[in-house]
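> Using only what follows, build the 3D model:
(one chain, ligands or ions: 1)
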Amino acid sequence: MACSSFKPACLPDLVGSEPELEEILSRPMPETVKAVSRLGGDILILGVSGKIGPTLARLVKRAVDEGGLNKRVIGVSRFSTPGLREELEKIGVETFSCDLLEEEEVERLPEASNVIYMVGRKFGTQEDSSLTWAVNTYIPAIVSRRFKKSRIVVFSTGNVYPLVPVSSGGADESTPPDPVGEYAQSCLGRERIFEYFSRKYGLKTLLLRLNYAIDLRYGVLLDVARKVFEGLPIDLRMGYVNVIWQGDVNNIAVRSLELCSSPPEVINVTGSETVSVRWLAEKFGAIFGKKPVFKNSETGNALLSNASKCFRIFGPPTVTLDRMIKWVAHWVLIGGRTFNKPTHFEVVNGRF
Ligand SMILES: NC(=O)c1ccc[n+]([C@@H]2O[C@H](COP(=O)([O-])OP(=O)(O)OC[C@H]3O[C@@H](n4cnc5c(N)ncnc54)[C@H](OP(=O)(O)O)[C@@H]3O)[C@@H](O)[C@H]2O)c1
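Modelled structure (predicted):
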């Protein structure tokens, strides 16, 4: 029998190809299959073609198939990445190309009782901040009105919190938002618009404040590993980070559909460690046999979240930091494909 659970024995020592990576990132946990089978109606993913969406769509489709369920899985975005739409269609995910800024196009989307909202704009905010505000706050208004009878899990970000002392263990859900810079402010705007419509219409919503999903093709670990490998300097001003395996994020997002409420539930989603960037670079350095180069130094504050509520509800992440480091290092060594989309986690002034 194929080994496909999240038990450590079922996770490979190393990941050697994109199909293998995609398979791990889209593995539904048994709890996820059960949650999907309890949900009435179809599942619509808005913003399906970004860095996380394709793996989430695959996972939902696998959960539907494993549960023997009769549910449509529908992915929506403008599909600006060539080939992705066809790949999703091939595995049975229906796709709709739609510019969500255009209300008439949104009106034409199919009904679905369950919506996972992954739309966002971060990079380019400095050059065109009005577009960032439109995407991050106006689309939520259009979507809230269009899907007011659905439950909506919204991908938000830990960037809505202020930088906190490293010794604090991170901001928890009771920490008042105080976003740094326009991108992060617009993300708080996204949350507030969903909250407004949740209170106005009784729309059942849940806000997932995510800090750094880890894939092997992008993410903070890849950013640090590549710099060490290429001998480039690593900026230590954002000296500490939180990370979580993207497969864990995907399972949490789907299971969260059952917890949507009015007013919205809020859950921080990240790993349990406060990870030192210096320590991380030295770990990669030891694997590559290279001495990391640093610039600037730690400030004592960083963008950090405390995800204990998430662990209490869903259990701890299944892929450990050690395993992620090993997988990422190997991916760099074998020249695995990357998205060429750095996270810019080192930015401390909020300008993206
Ligand atoms: N990845 C992380 O580590 C991370 C960390 C914290 C928070 N998050 C949050 O999680 C969400 C998903 O993350 P991600 O990394 O997958 O984001 P991403 O790569 O930026 O993807 C954003 C998605 O939004 C779609 N989109 C943007 N404008 C649109 C429009 N006008 N109409 C339709 N679709 C539109 C994009 O597709 P098209 O361009 O093809 O339309 C894409 O599918 C983001 O909103 C982000 O705030 C992610």
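
> Who are the packing partners of the helix or strand encompassing residue 328?
Here residue 328 sits within helix 321-333, counting by DSSP states H and E. Judged by 3 or more Cβ pairs under 8 Å, 6 or more residues apart in numbering; DSSP states H and E, helix 321-333 is in contact with helix 220-230, helix 277-288. C-beta here means a position set from N, CA and C on the backbone, and glycine is covered the same way.

> Would you mind telling me which of the ones you listed is nearest residue 163?
Counting by Cβ to Cβ, residue 163 lies closest to helix 277-288 out of the helices and strands packed on helix 321-333; the figure is 14.1 Å.

> helix or strand right after the closest one?
Next along the chain after helix 277-288, with elements defined by DSSP H and E, is strand 293-295.

> For that following strand, which strands pair with it and how are they oriented?
strand 233-235 (parallel) (DSSP bridges).

> List the buried residues for the strand it pairs with?
234, 235 (16 or more other Cβ atoms under 10 Å).

> What lies in contact with it?
224, 227, 228, 277, 278, 281, 292, 293, 294, 295, 296, 346 (Cβ atoms under 8 Å, 6 or more residues apart in numbering).

> immediately after it, which helix or strand?
strand 240-241.

> can you list contacts of the helix holding residue 328?
8, 11, 13-16, 214, 216-217, 219, 221-222, 225-226, 229, 243, 245, 271, 273, 275, 280, 283-284, 287-288.

> mind redoing it with 6 Å?
Residues from elsewhere that reach helix 321-333 (Cβ atoms under 6 Å, 6 or more residues apart in numbering): 14, 15, 214, 216, 221, 222, 225, 229, 273, 283, 284, 287.

> What residues sit buried inside that helix?
Result for helix 321-333 [16+ other Cβ under 10 Å]: buried residues 321, 323, 324, 325, 326, 327, 328, 329, 330, 331, 332.

> And stretch 304-316, by the same measure?
So for stretch 304-316, counting by 16+ other Cβ under 10 Å, buried means 304, 305, 306, 307, 309, 310, 314.

> The third one and residue 175 touch, don't they?
This points to residue 306. No. With contact defined as Cβ atoms under 6 Å, residue 306 does not reach residue 175; the gap is 8.4 Å.

> Smallest gap between the chain and the ligand, at which residue?
residue 50 (2.0 Å; Cβ to the nearest ligand atom).

> can you name the two of the contacts of strand 233-235 that are farthest apart?
228 and 296 (16.2 Å).

> Look at these two and report which has more neighbours.
It is residue 228, of residue 228 and residue 296, that has more neighbours when counted by other Cβ atoms under 10 Å, with 25 against 14.

> Quick one: residues contacting the more buried one.
281, 284, 285, 290, 292.

> And those, which of them are buried?
So, by 16+ other Cβ under 10 Å, the buried ones in the contacts of residue 228 are 281, 284, 285, 292.

> Output those residues in JSON lines, with distance to residue 86 and pLDDT appended to each entry.
Below are those laid out as JSON lines (distance: Cβ to Cβ, whole Å; pLDDT from 0 to 100):
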{"residue": "281", "distance to residue 86": "39", "pLDDT": "98"}
{"residue": "284", "distance to residue 86": "35", "pLDDT": "98"}
{"residue": "285", "distance to residue 86": "40", "pLDDT": "98"}
{"residue": "292", "distance to residue 86": "41", "pLDDT": "98"}
